[in-house]
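*Asks:* Pasted the sequence and its predicted model underneath.
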Amino acid sequence: MPEYSRFREYKGAIIGWLGAAAVSDVLIAITLTWSLVGSISCSCAAFFDTYYERITDQVEDGDQGY
């Protein structure tokens, strides 16, 4: 039981460890969100660019697309 009596000595280290863990979790969440939003935006932009090109090509060719 003497190990538990020294627990208060480690308070600074524990607070630092928990703080660093919280900061790293936030950074990971921000990085993953930024990465996913970026990949979705690029995919959507590429899809709509291709779709727009198909429509404009059909209009220029006089095709009704039916």
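*Replies:* In hand now; what should we look at? Numbering: from 1, shown residues only.
*Asks:* What's the first helix or strand after the helix-or-strand element of the chain with minimal mean pLDDT?
*Replies:* Counting by mean pLDDT, DSSP states H and E, the chain has its least confident helix or strand at helix 2-5, which shows a mean of 70. Downstream of helix 2-5, the next assigned helix or strand under DSSP states H and E is helix 11-61.
*Asks:* what stretches of the protein score poorly on pLDDT?
*Replies:* 1-2, 4, 39-48, 51, 59-66 (pLDDT under 70).
*Asks:* please redo it, this time with the cut-off set to 80
*Replies:* 1-10, 37-66 (pLDDT under 80).
*Asks:* Phe7: how many residues sit nearby?
*Replies:* 9 (other Cβ atoms under 10 Å). C-beta: built from backbone N, CA, C; applies to glycine.
*Asks:* how close does it get to Gly16?
*Replies:* 15 Å (Cβ to Cβ, to the nearest Å).
*Asks:* How about Asp49?
*Replies:* 49 Å.
*Asks:* Over to Arg8?
*Replies:* Distance from Arg8 to Gly16, by Cβ to Cβ: 15 Å.
*Asks:* cool, and Thr56?
*Replies:* 59 Å.
*Asks:* cool, Tyr10 as well?
*Replies:* From Tyr10 over to Gly16 (counting by Cβ to Cβ), the distance is 10 Å.
*Asks:* Phi first, then psi, for Arg6.
*Replies:* phi -90, psi 10 (degrees, to the nearest 10).
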